[in-house]
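1. Need a 3D model of the following:
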Amino acid sequence: QVQLVESGGGLVQAGGSLRLSCAASGRTFSNYAMGWFRQAPGKEREFVAAFTWNGGSTIYADSVKGRVTISRDNAKNTVYLQMNSLKPDDTAVYYCNTHPRDGTPWGQGTQVTVSS
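-> Predicted coordinates:
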């Protein structure tokens with residue numbers, strides 16, 4: 001059974017930074033294109049960032065482009081999201097999962113709250 005565990009969220013002031021982590025177990029991590037998603041209160045879950053299938057490049061939502069960086073450590077089965085210049089609009093629960101989605105269950109997510 002695949003399990004995704006996100007961590008690293010917290011409360012930060014606008015302009016601050018956070019580094020999120022997602023540890024995967026139950027599969028060969030390096031075989032999958034992984035991404036980050038987020039869900040703000042009252043809104044649908046949305047795409048944030050991901051690796052392409054060949055792992056050679058990354059893609060970002062326009063709302064975060066230039067402020068976040070996705071990276072991975074295959075040896076640790078972990079994917080990261082470095083977020084800088086955070087804005088109150090970035091407040092959400094952040095999740096990692098495969099991209100494109102393949103039915104892998106969602107983890108519990110990690111809460112990011114950005115105060116103005």
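2. Quantify the burial of the closest residue to Arg72 other than its chain neighbours by counting its neighbouring residues.
-> Spatial nearest neighbour of Arg72, excluding adjacent residues (C-beta to C-beta, 6 or more residues apart in numbering): Val79 at 4.5 Å. C-betas here are computed from N, CA, C, even on glycine. Using other C-beta atoms under 10 Å, Val79 has 27 neighbouring residues.
3. tell me the secondary structure for Val79?
-> strand (DSSP: H, G, I helix; E, B strand; the rest coil).
4. so what pLDDT did it get?
-> Model confidence at Val79, given as pLDDT, is 94.
5. now Leu11: how far from Asp62?
-> 25 Å (C-beta to C-beta, to the nearest Å).
6. Then Ala92?
-> 16 Å.
7. Mind checking which of these two has more residues around it?
-> Set Ala92 next to Asp62 and count neighbours by other C-beta under 10 Å: Ala92 wins out with 22 against 6.
8. So Ala40 sits against Thr91, correct?
-> Yes. Contact criterion C-beta atoms under 8 Å: Ala40 and Thr91 qualify, at 6.3 Å.
9. quick one, strands of the chain?
-> 3-7, 10-13, 18-25, 34-39, 46-51, 58-60, 68-73, 78-83, 92-98, 110-115 (DSSP state E).
10. follow-up on the earlier one: residues contacting the residue nearest to Arg72?
-> Val79 is in contact with 21-22, 24, 34, 36, 70-73, 96, counting by C-beta atoms under 8 Å, 6 or more residues apart in numbering.
11. For the residue positioned nearest the centre of the chain, list the residues it contacts.
-> What sits nearest the mean C-alpha location of the chain, by C-alpha atoms, centre = their mean, is Trp36, with 2.8 Å. Shown in contact with Trp36 (C-beta under 8 Å, 6+ apart): 20, 22, 48-50, 70, 79, 81, 94-96.
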